[in-house]
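Trainee: Predicted model and sequence follow; I will ask about them next.
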Amino acid sequence: MTRFSFDLQGTDGSARTGVIHTPRGQIRTPAFMPVGTAATVKAMLPESVEATGADILLGNTYHLMLRPTAERIDRLGGLHRFMNWDRPILTDSGGFQVMSLADLRKLTEEGVSFRSHVDGSKHMLTPERSMEIQRLLGSDIVMCFDECPALPADRKRIEESMRLSMRWAARSREAFGDRPGHALFGIQQGGLEEDMREESAEALRAIGFDGYAIGGLAVGEGQEAMFRALDFAPAQLPEDKPRYLMGVGKPDDIVGAVKRGVDMMDCVLPSRSGRTGQAWTRRGQVNIKNARHADDPRPLDADCTCPACRNYSRAYLHHVFRAQEMISGMLLTWHNLHYYQDLMAGMRAAIAENRFAAFEAAFHAARAEGDI
Ligand SMILES: CC1(C)O[C@H]2[C@@H](O1)[C@@]1(COC(C)(C)O1)O[C@@H]2CNc1nc2cc3nc(N)[nH]c(=O)c3cc2[nH]1
Ligand SMILES: [Zn+2]
């Protein structure tokens with residue numbers, strides 16, 4: 001049985017490339033994880049997600065515990081069987097989603113009680129319950145149960161929240177137990193404060209995890225503040241384990257994060273924006289609903305090999321978006337996820353060949369401002 005391991009294969013400045021080995025397959029890093037919140041990457045078949053080059057996708061404890069419940073998914077053979085994805089799955093632990101989506105939340109040392117945003121039913125999440133749910137789902141990479149404070153927040157709030165999350169990290173580790181082939185990732189907190197993130201990193205290192213996430217960011221602080229935190233946070237975490245930046249981001253966020261030593265990321269942006277007519281291309285953003293595309297016979301991105309760019313014109317994509325046809329979300333989501341994976345593959349190769357700086361310069365030079 002392949003156990004979980006990280007093979008760091010190359011570095012270029014702070015940027016790194018490698019492979020995470022899991023029993024369900026390898027994850028090439030830097031890696032981007034499409035978000036499959038409710039056991040589906042919206043508007044995509046699993047085989048389409050695989051075709052984009054994704055090695056791993058993300059699921060959510062919060063959504064799946066409410067509907068259809070983790071117990072039902074377990075009875076049906078686990079999340080991989082349920083959603084027909086046999087490669088690695090990472091599941092977020094629920095705390096962040098409770099704070100951003102649920103109603104009537106009550107936070108105590110024990111955990112968080114809340115009412116479902118689906119049907120108003122009452123629920124409680126604790127480190128122990130989150131570990132049980134993620135075990136029932138069968139996810140390959142389990143996230144600690146943590147609390148992510150909304151920014152801006154004062155230092156006292158950040159400090160109290162981070163220390164609660166570190167106590168919950170210890171409880172998560174204890175409840176996770178010894179599960180060969182499954183990984184548990186700790187989540188660093190501490191807002192934008194270097195000293196608090198150092199304290200958090202030390203606390204997590206003392207407990208010991210298979211990987212370390214940088215939490216508490218991409219919560220509205222903006223790219224400049226996020227990059228300032230990423231100028232120190234990745235290096236505070238163990239060098240021989242994967243570093244996962246949660247919830248990021250736009251293509252230029254991702255390039256900047258990889259440059260600063262991040263190995264894994266996830267974001268709803270490419271799939272969510274695909275459904276709203278927003279395409280991300282090598283030359284910048286295309287808002288397909290814009291009338292300028294109505295007669296344009298050219299593809300979204302002439303350099304892209306995805307089905308949308310190979311077989312359809314901007315005029316067609318404009319038409320089906322305006323007509324609110326389902327194929328619009330399908331094609332734009334596929335394109336966006338393909339573009340994101342293409343960007344990751346380009347960075348992996350650039351790091352391996354020690355030319356990341358040139359890759360980054362070309363990335364920015366190719367991008368026109370505004371809508372193209
Ligand atoms: C709620 C939803 C769908 O998730 C997206 C998106 O909205 C939104 C809402 O506001 C913007 C910033 C624009 O992006 O924030 C999400 C992307 N940022 C993010 N995801 C995270 C997930 C996390 N999970 C855990 N367990 N712990 C964390 O600290 C954590 C931090 C995170 N930061
Ligand atoms: Zn394309």
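Mentor: Here it is on my side, so go on. Ligands and ions are numbered 1, 2, ... in the order given.

Trainee: Okay, buried residues for stretch 359-372 please.
Mentor: Along stretch 359-372, these residues count as buried under the neighbour rule (16 or more other CB atoms under 10 Å): 359, 360, 363, 367, 372. Heads up, the C-betas are built off the backbone N, CA and C, glycines and all.

Trainee: tell me the secondary structure for residue 53?
Mentor: Taken by DSSP: H, G, I helix; E, B strand; the rest coil, the conformation at residue 53 corresponds to coil.

Trainee: Could you point out which residue ranges in the stretch 201-350 of the chain have low pLDDT?
Mentor: Low-confidence regions of the stretch 201-350 of the chain, defined here as pLDDT under 70, do not occur.

Trainee: returning to what we had before: for the buried residues of stretch 359-372, give me CSV that also has secondary structure, distance to residue 7 and pLDDT.
Mentor: As requested, the buried residues of stretch 359-372 are exported to CSV (DSSP: H, G, I helix; E, B strand; the rest coil; distance: CB to CB, whole Å; pLDDT from 0 to 100):
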residue, secondary structure, distance to residue 7, pLDDT
359, helix, 22, 98
360, helix, 24, 98
363, helix, 26, 97
367, coil, 32, 92
372, coil, 39, 83
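
Trainee: Pick out whichever of these sits closest to ligand 2.
Mentor: The closest of those to ligand 2 turns out to be residue 372 (CB to the ion; 13.8 Å).

Trainee: And the strands in the stretch 1-150 of the chain, which stretches?
Mentor: Secondary structure of the stretch 1-150 of the chain, counting by DSSP state E, counting those that start in this stretch: strands at 5-12, 15-22, 25-29, 31-34, 57-60, 89-92, 103-107, 112-115, 122-125, 141-143.

Trainee: Could you dump those strands into JSON lines with distance to ligand 2, mean pLDDT and mean neighbour count added?
Mentor: Shown next, in JSON lines, are the strands of the stretch 1-150 of the chain (distance: least, CB to the ion, whole Å; pLDDT from 0 to 100; neighbours: other CB atoms under 10 Å):
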{"stretch": "strand 5-12", "distance to ligand 2": "27", "mean pLDDT": "98", "mean neighbour count": "15"}
{"stretch": "strand 15-22", "distance to ligand 2": "24", "mean pLDDT": "98", "mean neighbour count": "22"}
{"stretch": "strand 25-29", "distance to ligand 2": "20", "mean pLDDT": "98", "mean neighbour count": "20"}
{"stretch": "strand 31-34", "distance to ligand 2": "15", "mean pLDDT": "99", "mean neighbour count": "25"}
{"stretch": "strand 57-60", "distance to ligand 2": "19", "mean pLDDT": "98", "mean neighbour count": "24"}
{"stretch": "strand 89-92", "distance to ligand 2": "25", "mean pLDDT": "98", "mean neighbour count": "26"}
{"stretch": "strand 103-107", "distance to ligand 2": "39", "mean pLDDT": "91", "mean neighbour count": "12"}
{"stretch": "strand 112-115", "distance to ligand 2": "39", "mean pLDDT": "96", "mean neighbour count": "19"}
{"stretch": "strand 122-125", "distance to ligand 2": "38", "mean pLDDT": "97", "mean neighbour count": "15"}
{"stretch": "strand 141-143", "distance to ligand 2": "28", "mean pLDDT": "99", "mean neighbour count": "27"}
